[in-house]
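Q: fold the following and give me the result.
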Amino acid sequence: MPLELTVVDFLVLSILVLWVGDLLTKRVRFLDANNIPIAVTGGLLFSIGAAVYSHVSRRPIAFDMRMRDLLLLIFFSTIGLGAKLKTLGAGGKSLGILVVVSAVFLVLQNLIGVGLATAMGAHPGYGLLGGSISFAGGHGTAIAWGSEAERAGLVNGSAIGIAFATFGLIVGGLVGGPIAGWLVRRNDLQPSEEPSGVTTSAPDTVTHAGKITTRELLGTILSLALCVGIGDSVNRWLFETGVLLPGFLTSMLVGIVITNSRDLRGAPLREETVSTTGDIALQLFLAMSLMSMDLSSLGAAASPVLIVLACQALLITVFTVFVVFRVLGRDYDAAVIAGGFAGLGLGATPVAIANMHAVTAKFGPSPKAFLVIPLVGAFFIDILNALIIKLFIALPMMAPPG
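A: Below you'll find the model as predicted:
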């Protein structure tokens, strides 16, 4: 019988995990110097302990994930509430460039995966699971395409996809910060002056002007509630019409509408409140995601998964340093975006944001990075990934086994 953790249990434990992660990051020089997110430190430590407990007691741990899913919606709502239309022009060119760069990366990621699968004597289809399906796509895409792979004759497709996505989530949170920090220090980069009205930096870098009032706080809470509620309604309506979009994307879009409408009325939201709320939601979400990983079930597939993971980690490192950073202008924003792209290419959008938070908390704000990366991760990369996966599947070598 599993040990069941309720919503309250999970929330309390995740707060404790963040506190432990923050404590370790401050005490362990390696973690602090390499900008490792505290949620990754604490969450990974907990998941290791949970795996040991489950093995010794032969009792798995069951997590109630509803709070985690809500936190994701809240986080992306704060991204939307911090996006001002008057700053979109600043990120427009970078957004277009990064979309093109992402397409190139997804092709390379799949070529690496297919090549390794073929070298190991496995069906090339497994290489797509060890490519953009699981890494850039994340758990949702891995589960969906893994089921399709199983129907096509690839044994344990879903489990293998989940294994890749899980390890990718960990490594994406471990390499992004060091990449961005190295680029900043090596090139002696400094953040540009933050445009007026943009709230996309980590809370530690925000200048607080005056006491936050109850009215301002309630206004932020109401706006977040509207983002989540209206976003969910819009998403369900789109689903009924055959348009499939991630729930967090619609919440973010509603947030963009709300914040710019308030600006036009001369009643902008308190930027510090929105930023701090978003950071808390992000850290809790990421901690819960890492805490709930079932590492014990991944042991059997560890060897081939780690080989593929090492090659994909090498690819993302080389690609971000020599392609992403350079084509985006070699400036401070480009360095932060590179760190975020590493999390995006191996893990998920929240990992990318956590990487950038860790970097900007130390070196300074980067509004452009926090505008561009969420848009690419929440929308464009999913579309590109679906198209590229279908192109690879259409190749003759991808014919079902047998």
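Q: which residues in the stretch 1-150 of the chain form strands?
A: In the stretch 1-150 of the chain, the strands defined using DSSP state E, counting those that start in this stretch lie at 3-5, 61-63.
Q: as JSON lines, those with mean pLDDT would be great.
A: What follows is the strands of the stretch 1-150 of the chain, written out as JSON lines (pLDDT from 0 to 100):
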{"stretch": "strand 3-5", "mean pLDDT": "89"}
{"stretch": "strand 61-63", "mean pLDDT": "90"}
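Q: looking at these, which is buried most?
A: A comparison of those by mean neighbour count, using mean count of other C-beta atoms under 10 Å, puts strand 61-63 on top with a mean of 18. C-beta here means a position set from N, CA and C on the backbone, and glycine is covered the same way.
Q: which other helices and strands does that strand contact?
A: For strand 61-63, the packing partners by 3 or more C-beta pairs under 8 Å, 6 or more residues apart in numbering; DSSP states H and E come out as strand 3-5, helix 38-57.
Q: the least confident helix or strand in the chain by mean pLDDT packs against which elements?
A: Taking mean pLDDT, DSSP states H and E as the measure, the helices and strands of the chain show their lowest mean at helix 138-151, namely a mean of 74. Applying 3+ C-beta pairs under 8 Å, 6+ apart, we find helix 138-151 packed against helix 124-129, helix 157-186, helix 381-393.
Q: ok, which of those comes nearest M291?
A: With C-beta to C-beta as the criterion, M291 lies closest to helix 157-186 of these, at 11.8 Å.
Q: I'd like the next helix or strand past the closest one.
A: Past helix 157-186, further along toward the C-terminus, the next helix or strand under DSSP states H and E is helix 214-240.
Q: run through who's touching the helix or strand following that next one.
A: Proceeding N to C from helix 214-240, the next assigned helix or strand is helix 247-264, under DSSP H and E. The list of residues contacting helix 247-264 from outside it, by C-beta atoms under 8 Å, 6 or more residues apart in numbering, reads 72-73, 75-85, 197, 223, 226-228, 230-232, 234-235, 238, 268-269, 374, 378-379.
Q: what angle do helix 247-264 and helix 214-240 make?
A: Taking axes from the mean of the first three to the mean of the last three C-alpha atoms, to 10 degrees, one finds that helix 247-264 is oriented at 130 degrees with respect to helix 214-240.
Q: please work out the average pLDDT along whichever helix or strand comes after helix 247-264.
A: For helix 247-264, the following helix or strand on the C-terminal side (DSSP H and E) is helix 271-291. Regarding helix 271-291, the rounded mean pLDDT is 83.
Q: cool, thanks, signing off.
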